[in-house]
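K.L.:
Just to be clear, the model below is a prediction. Sequence and coordinates:
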Amino acid sequence: WLGAYIIVTALQVLNPSLPSLLLGLVGFKSYVLYAGLLVLVPAAFRDVDDLARALRYLTVPAILVLLFGMVQFLFGPEHPINRYVRGTVQDVATFGLVNKVRITSTFSYVSGMTVFVFFALCLGAAQLAAGRWRLKGNKLAIVCIVAAVVVTPMTGARWIYYMAVLCLPMFLYAMMRSEM
């Protein structure tokens, strides 16, 4: 699988739509280095309990980022909290005629926030799975999942729903394989 990943990534360097070959080579280097995480991350944890402890440390900042997105949604596009990269009202993505912004929270644009919301959903679900789906003692995971579900429509991105539906069977299969 790693070889196939490297081949597909190398083929993307030859994409004629790239502005330069150097940009493609930098991207290739970055993505191939990420592949090493497939080996390093599982080796970083002794067992499921160690992983669950690490996930709990990630959950609190994730909830704070999601809550900031909710606060951002309360204000209009002209508010300073909703100024994106360049800082003008024209740079703010809205829901069309409705005077509400597509939230970005601490990210520079909507796409970063949507990826983070999906990550937060996965983080909460993994933490619940590691806790054997018990609600007691998993309040942070539940708050993280609820906050991510509440924030999802505020991003305006539909792909989060699609990815959740597509990844659910893989998640359930992984749980069955690990006897969770």
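P.N.:
Everything's here; your move.
K.L.:
residues near Ala58, how many?
P.N.:
Careful, residue 58 is Leu and not Ala. Neighbour count of Leu58, defined by other CB atoms under 10 Å: 16. For glycine as for every other residue, the C-beta is placed from the backbone atoms N, C-alpha and C.
K.L.:
Could you do the one 4 residues further on as well?
P.N.:
Neighbour count for Ala62, taken as other CB under 10 Å: 22.
K.L.:
Surely it and Ala141 touch.
P.N.:
No. Taking CB atoms under 8 Å as the definition, Ala62 is not a contact partner of Ala141, at 10.2 Å.
K.L.:
who touches both of the two?
P.N.:
Leu123 (CB atoms under 8 Å, 6 or more residues apart in numbering).
K.L.:
report the longest helix in the chain, please.
P.N.:
helix 48-74 (DSSP state H).
K.L.:
pLDDT of that one, averaged?
P.N.:
Mean pLDDT, helix 48-74: 88.
K.L.:
got the buried residues for that helix?
P.N.:
Using 16 or more other CB atoms under 10 Å as the test for burial, helix 48-74 gives 51-52, 55-56, 58-59, 62-63, 65-66, 68-69, 72-73.
K.L.:
just curious, which of these is nearest to Ser20?
P.N.:
Ser20 lies nearest to Val65 out of the buried residues of helix 48-74, by CB to CB, at 33.5 Å.
K.L.:
where's the closest one relative to Met175, distance?
P.N.:
26 Å (CB to CB, to the nearest Å).
K.L.:
Averaged over its residues, which helix or strand of the protein has the lowest pLDDT?
P.N.:
Ranked by mean pLDDT, DSSP states H and E, the helix or strand of the chain with the weakest confidence is strand 94-95, at a mean of 68.
K.L.:
ranges for the strands of this protein?
P.N.:
94-95, 98-101 (DSSP state E).
K.L.:
quick one: low-confidence ranges for the chain?
P.N.:
Low-confidence segments of the chain, defined by pLDDT under 70: 83-94, 96-99, 179-180.
K.L.:
can you count the residues close to Lys100?
P.N.:
Neighbour count of Lys100, defined by other CB under 10 Å: 16.
K.L.:
measure it to Thr114 for me?
P.N.:
Lys100 sits 16 Å away from Thr114 when distances are taken as CB to CB.
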